[in-house]
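Asks: Structure, please.
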Amino acid sequence: MRSALVIALALGLSSATAQSADIKVLTAGAFKPVVTALAPQFEKATGHTLVIDNDTAGGLSKRIEAGEAFDVVFLPPAALGALSSKGFVSANGQANVAQVGIGVAVKEGAPLPDIASVDGFKAALQNAKAIAVIDPKAGGSSGIYLADLFQKWGIADTLKPKLVLVPGGLVATRLMTGEADLAIHQISEILAVKGARLVGPLPADIQNFTVYRGALATKASQREPAAAFLELMKSPAAAAILKEKGMEPPR
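Replies: The predicted model follows:
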């Protein structure tokens, strides 16, 4: 609370000095838990309201390029770079705010596969009946990485019949519905699903971290409060939330 209030006061955004406004926040799915956790602090300190919407990185990029209005967005650097080059987001004031690795999950109570090694992870893939992952065609970063990894290992065709491709959202929910017995997704998104058990991160040799970066819309209608919210994402309060949600500050 205190860090949000300090930021609000420093930028003249306290409820006593600034007219309340709706701030449109777009965020890639894996970063949404952090945004929603910090929202109450920001709203109480400033009097503004955050209107939060999420999608895959690819989905958000398409929406922004189609003209969707927003004030601040959180995406991987590559996606923001493309949007910046086309004039949709400001090149100034961008900041890396978090990174997250990929993890493996099963339904609570199910046996835990040994994924401490690459060979163990491969065995878990082979033994699973159905594996839920983000559909790479939807633009989700973990899905794109896994598709490339399976192709590199030469097992893409073998795994294809049992892959449950999720177009967006929380992959581990497919464990709850019985559509899959193994789910692979960013750790923060696994922890957001009640009843899903995080087995652990991918082995270090094949781990892939997604970095999340914040940027303001070039045509932001609420630029100053949006900038304040982006600043909050670099605060100690944000670092504590990142850890709680399975993420970490960017390196």
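Asks: Show me what the one helix or strand Val199 maps to is packed up against.
Replies: Assessed by DSSP states H and E, Val199 sits inside strand 196-201. Packing partners of strand 196-201 (3 or more CB pairs under 8 Å, 6 or more residues apart in numbering; DSSP states H and E): strand 102-107, helix 173-177, helix 187-191. All C-beta spots, glycine's among them, are computed from the backbone N, C-alpha and C.
Asks: go with 10 Å
Replies: strand 102-107, helix 118-127, helix 173-177, strand 182-186, helix 187-191 (3 or more CB pairs under 10 Å, 6 or more residues apart in numbering; DSSP states H and E).
Asks: I'd like the average pLDDT over the following helix or strand past that strand.
Replies: Downstream of strand 196-201, the next assigned helix or strand under DSSP H and E is strand 210-216. For strand 210-216, mean pLDDT is 95.
Asks: relative to strand 210-216, how tilted is the helix or strand just after strand 210-216?
Replies: Following strand 210-216 in sequence order, the next helix or strand is helix 223-232 (DSSP H and E). Angle, helix 223-232 to strand 210-216, by axes from the mean of the first three to the mean of the last three CA atoms, to 10 degrees: 150 degrees.
Asks: Can you give me the distance of Pro77 to Ala98?
Replies: Distance, Pro77 to Ala98, by CB to CB, to the nearest Å: 12 Å.
Asks: that older thread, hey, which of the helices and strands packed on strand 196-201 is tucked in deepest?
Replies: Among the helices and strands packed on strand 196-201, strand 182-186 has the highest mean neighbour count (mean count of other CB atoms under 10 Å), at a mean of 29.
Asks: Distance from the chain centre to that one, please.
Replies: Remark: strand 182-186 is offset 13 Å from the chain centroid, using CA atoms, centre = their mean, to the nearest Å.
Asks: Give me the pLDDT value at Ser14.
Replies: 45.
Asks: now the spatially most central residue of the chain: how far from Asn54?
Replies: The centre of the chain sits closest to Ala30, judged by CA atoms, centre = their mean, with a distance of 1.9 Å. According to CB to CB, Ala30 and Asn54 sit 9 Å apart.
Asks: can you check Pro76 too?
Replies: 14 Å.
Asks: what residues are shared contacts of the two?
Replies: Ala28, Ala30, Phe31 (CB atoms under 10 Å, 6 or more residues apart in numbering).
Asks: thought the first one was touching Ile64?
Replies: What it means is Ala28. No: the criterion here is CB atoms under 10 Å, and Ala28 misses it with Ile64 at 11.9 Å.
Asks: Who has more neighbours out of these two?
Replies: Ala28 (27 against 22; other CB atoms under 10 Å).
Asks: and the more buried one, what is it in contact with?
Replies: So Ala28 contacts 35, 54-61, 73-76, 79, 139-141, 186, 210, 212-213 (CB under 10 Å, 6+ apart).
Asks: What's opposite it in the beta bridge?
Replies: In this entry, Ala28 is beta-bridged to Asp55, by DSSP bridges.
Asks: now swap in Arg197 and tell me
Replies: Residues in beta-bridge contact with Arg197 (DSSP bridges): Val106.
Asks: quick one: it and Gln186, what's the gap?
Replies: Between Arg197 and Gln186 the computed distance is 16 Å (CB to CB).
Asks: still on that earlier bit, show me whatever sits in contact with both of Pro77 and Ala98.
Replies: With CB under 10 Å, 6+ apart, Pro77 and Ala98 have common neighbours Thr210, Val211, Tyr212, Arg213, Pro250.
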